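# structure of the sequence below:
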Amino acid sequence: MSRTQRRAPARGVEWEFDRVSLSRELSRSAVTRLLVERAEHGGWELDRVRITADGTRRVVLRRKIIRQVRPTFLL
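Residues are numbered from 1 along each chain as shown. Model (predicted):
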């Protein structure tokens, strides 16, 4: 249940965002483990958490987009 989008660059940094909705049935420790797993293996960091009136957690994760410059070969 995630959706990835990109936001316009701000001061030379471009971010990729991933929105995740988590059920209210998940415990706080389970949500923490899930987010830590995504951070360690996907390079994501926490941007925002919103808990709705029905208890659903809406989490926004972000990570930097690193662009590589193609090398120019001189012959």
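# list the buried ones in stretch 20-34?
Burial within stretch 20-34, assessed by neighbour count using 16 or more other CB atoms under 10 Å, is assigned to V20, L22, V31. Backbone N, C-alpha and C define where each C-beta goes, glycine included.
# helices and strands around the helix or strand hosting D18, which ones?
Per DSSP states H and E, D18 falls inside strand 15-22. Helices and strands touching strand 15-22, as assessed by 3 or more CB pairs under 8 Å, 6 or more residues apart in numbering; DSSP states H and E, comprise strand 2-6, strand 57-64.
# ok, of these, where does mean pLDDT dip lowest?
Set side by side, the helices and strands packed on strand 15-22 differ in mean pLDDT, and strand 2-6 is lowest with a mean of 60.
# beyond the strand holding D18, next helix or strand please.
With secondary structure assigned by DSSP H and E, strand 15-22 is succeeded by helix 28-42.
# okay, that following helix in PDB with CA atoms only?
The C-alpha trace of helix 28-42 is given here as PDB (Å, rounded to 0.1, in the frame of the first residue of the first chain):
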ATOM      1  CA  ARG A  28       3.400   0.500  17.900                       C
ATOM      2  CA  SER A  29       6.400  -1.900  18.100                       C
ATOM      3  CA  ALA A  30       5.400  -3.600  14.800                       C
ATOM      4  CA  VAL A  31       5.200  -0.300  13.000                       C
ATOM      5  CA  THR A  32       8.600   0.700  14.400                       C
ATOM      6  CA  ARG A  33      10.100  -2.600  13.200                       C
ATOM      7  CA  LEU A  34       8.600  -2.100   9.800                       C
ATOM      8  CA  LEU A  35       9.900   1.500   9.400                       C
ATOM      9  CA  VAL A  36      13.300   0.600  10.700                       C
ATOM     10  CA  GLU A  37      13.500  -2.300   8.200                       C
ATOM     11  CA  ARG A  38      12.700   0.100   5.300                       C
ATOM     12  CA  ALA A  39      15.200   2.700   6.600                       C
ATOM     13  CA  GLU A  40      18.100   0.200   6.900                       C
ATOM     14  CA  HIS A  41      17.500  -1.700   3.600                       C
ATOM     15  CA  GLY A  42      15.900   1.000   1.400                       C
END
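# all good on my end, thank you.
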